[in-house]
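Chemist: here is my input, please return the structure:
(one chain, ligands or ions: 2)
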Amino acid sequence: MIISMKLHSTKEEIAEVKERIEDFGYKVHSIEGEQRVVIGVIGVGDVTACLEALEAMPQVEKAVRISAPYKFVSREFRQTKTEITTGNVTIGGDEFVVMAGPCSVENEKQILESAEIVARAGAKILRGGAFKPRTSPYDFQGLEEEGLKLLDKARRATGLRIITEVMSDRDVGLVADYADILQIGARNMQNFALLKNLGQCGRPILLKRGMSSTVKELLMSAEYIVAHGNPKVMLCERGIRTFETVTRNTCDIAAVAALNELTHLPVILDPSHATGKRSLVPALARAAVAIGSDGLLVEMHPHPEKAISDGAQSLDPKQFAKMMEDLKPYIELWKQSRIEEAVAAV
Ligand code: PEP
Ligand code: MN
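Modeler: Ligands and ions are numbered 1, 2, ... in the order given. Reported below is the predicted structural model:
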């Protein structure tokens with residue numbers, strides 16, 4: 001069950017509702033929204049009686065039973081898409097948002113050049129890893145705080161917002177000091193200590209699907225973050241492991257449509273890690289727009305042949321600009337269908 005309190009409920013009113021819930025033998029799990037307190041209820045008991053009793057309380061706006069195991073993130077809980085705003089960019093609204101940049105922040109020149117290139121082509125958010133999850137311990141591990149400082153510099157120079165990965169619960173505070181959006185990588189999708197830490201970090205989160213994780217597991221991981229106090233979560237399909245070897249991963253494009261049915265959280269597609277090949281990125285980006293994702297996370301490097309990581313899947317500046325140009329008519333159709341959906345929802 002999820003209980004939404006009326007706006008501006010007092011502490012006493014909230015305490016009264018919690019007490020009533022506990023009278024029925026349930027456990028209370030509250031999340032304080034920015035505007036409205038929402039109380040999650042877990043346990044076993046007489047649901048119908050409890051719902052009836054709560055709905056009769058004047059300070060309760062809505063009490064709903066949620067059958068999915070993921071509660072706060074399910075469509076049953078909220079029918080309209082969650083909009084996540086950072087600066088002048090909103091993800092999940094009426095804008096298709098492109099996040100682009102190199103796999104790793106390598107040096108000042110590289111990240112400043114990247115920022116200018118992606119901004120000029122229409123991206124709103126700069127990506128770049130300062131903490132890199134590498135398969136080999138001998139590979140480049142990222143510039144860490146120095147990389148975060150360079151991202152900040154690029155933000156000041158271009159006005160772009162910044163998304164970057166955090167790999168450990170120890171670093172959440174540090175990365176949140178610099179980044180506008182924290183990225184949780186595929187390898188950490190089920191790092192529960194890290195997920196719990198994101199609850200109070202005060203920043204939106206982009207949660208990438210684990211390479212062998214189901215859509216339901218992805219949603220349960222998102223639920224961890226929301227249940228710990230942070231409702232600003234977006235999900236990212238980045239390909240999963242299969243027997244196929246032509247592409248680096250297999251893009252589960254249907255997962256985007258499925259997620260749009262199952263959750264109100266915004267859904268982003270990463271065509272770079274999903275394919276591992278730059279030649280395939282623009283086609284998959286078009287598919288992302290057509291299937292109704294809320295944006296893209298794309299790798300672009302000023303000189304892909306010199307990239308320290310993921311050069312083979314990084315677009316060069318020309319290819320990136322062309323992809324952005326070619327997406328425009330598709331994005332126009334995307335906008336129309338967003339308007340139609342909004343009208344149908346009224
Ligand atoms: C990345 O975005 O550079 C990255 C490491 O992605 P993933 O976690 O999806 O492998
Ligand atoms: Mn990468």
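
Chemist: make it CA atoms for all contacts and neighbour counts henceforth
Modeler: Fine.

Chemist: what sits against residue 309?
Modeler: By CA atoms under 8 Å, 6 or more residues apart in numbering, residue 309 lies in contact with 103, 104, 140.

Chemist: now, which of those residues lie close to ligand 1?
Modeler: With the criterion set as CA under 6 Å from any ligand atom, the members of these near ligand 1 are residue 103.

Chemist: most neighbours among the contacts of residue 309, which one?
Modeler: Within those, neighbour counts (other CA atoms under 10 Å) peak at residue 104, which reaches 27 neighbours.

Chemist: quick check: closest non-adjacent residue to residue 20.
Modeler: With CA to CA, 6 or more residues apart in numbering as the criterion, residue 20 has its nearest non-adjacent residue at 7.5 Å, and that residue is residue 54.

Chemist: just checking, the one you found touches residue 17?
Modeler: Yes. Using CA atoms under 8 Å, residue 54 is in contact with residue 17, at 7.2 Å.

Chemist: mutual contacts of these two, please.
Modeler: Common contact partners of residue 54 and residue 17 (CA under 8 Å, 6+ apart): residue 60.

Chemist: returning to that earlier point: pull up the gap between the residue nearest to residue 20 and residue 2, please.
Modeler: 11 Å (CA to CA, to the nearest Å).

Chemist: circling back: nearest to ligand 1 among the contacts of residue 309?
Modeler: Checking the contacts of residue 309 against ligand 1 by CA to the nearest ligand atom gives residue 103 as the nearest, at 4.7 Å.

Chemist: poorly predicted segments of the stretch 1-150 of the chain, please.
Modeler: Along the stretch 1-150 of the chain, the parts satisfying pLDDT under 70 run over 34.

Chemist: how about the helices in it?
Modeler: All helices of the stretch 1-150 of the chain, identified by DSSP state H, counting those that start in this stretch, fall at 11-23, 47-55, 108-121, 145-158.

Chemist: tell me who's in contact with residue 305.
Modeler: 311, 312.

Chemist: now do 10 Å
Modeler: Contacts for residue 305 were tallied using CA atoms under 10 Å, 6 or more residues apart in numbering; they are 311, 312, 314, 316.

Chemist: could you dump these to JSON lines with neighbour count, distance to ligand 1 and pLDDT?
Modeler: Shown next, in JSON lines, are these (neighbours: other CA atoms under 10 Å; distance: CA to the nearest ligand atom, whole Å; pLDDT from 0 to 100):
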{"residue": "311", "neighbour count": "21", "distance to ligand 1": "11", "pLDDT": "98"}
{"residue": "312", "neighbour count": "17", "distance to ligand 1": "13", "pLDDT": "98"}
{"residue": "314", "neighbour count": "30", "distance to ligand 1": "10", "pLDDT": "98"}
{"residue": "316", "neighbour count": "20", "distance to ligand 1": "16", "pLDDT": "98"}
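
Chemist: could you dump the residues you listed into TSV and include distance to residue 291 and secondary structure?
Modeler: Output for these, formatted as TSV (distance: CA to CA, whole Å; DSSP: H, G, I helix; E, B strand; the rest coil):
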residue	distance to residue 291	secondary structure
311	27	helix
312	26	helix
314	23	coil
316	25	coil
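
Chemist: those: which two are farthest apart?
Modeler: Farthest-apart pair in these is 312 and 316; separation 10.2 Å (CA to CA).

Chemist: in TSV: the contacts of residue 309, plus distance to residue 42.
Modeler: As requested, the contacts of residue 309 are exported to TSV (distance: CA to CA, whole Å):
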residue	distance to residue 42
103	40
104	41
140	44
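
Chemist: what's the separation between the residue nearest to residue 20 and residue 144?
Modeler: 49 Å.

Chemist: ok, these two, which is more surrounded?
Modeler: Ranked by neighbour count (other CA under 10 Å), residue 54 and residue 144 place residue 54 first, with 21 against 17.

Chemist: what about the nearest residue to residue 247 once chain neighbours are set aside, how many neighbours?
Modeler: Nearest residue to residue 247, sequence neighbours excluded (CA to CA, 6+ apart): residue 275, at 4.8 Å. A total of 23 residues lie near residue 275 under the criterion other CA under 10 Å.

Chemist: ok, now which ones touch the residue of the stretch 151-300 of the chain found nearest ligand 1?
Modeler: Ranked by CA to the nearest ligand atom, the top residue of the stretch 151-300 of the chain for proximity to ligand 1 is residue 185, at 3.3 Å. Residues near residue 185 by CA under 10 Å, 6+ apart: 132-133, 164-167, 191, 206-211, 236, 238.

Chemist: repeat that for residue 116.
Modeler: Taking CA under 10 Å, 6+ apart as the test, what residue 116 contacts is 101, 123, 126, 154, 155, 157, 158, 159, 160.

Chemist: and if we set it to 6 Å?
Modeler: Listed by CA atoms under 6 Å, 6 or more residues apart in numbering, residue 116 has no contact partners.

Chemist: around ligand 1, pick out the residues from the stretch 1-150 of the chain.
Modeler: So the stretch 1-150 of the chain meets ligand 1 at 103, 133 (CA under 6 Å from any ligand atom).

Chemist: so which residues of the stretch 1-150 of the chain form strands?
Modeler: Listed in chain order, the strands of the stretch 1-150 of the chain (DSSP state E, counting those that start in this stretch) span 2-5, 27-32, 37-42, 60-64, 84-86, 89-91, 97-101, 125-127.
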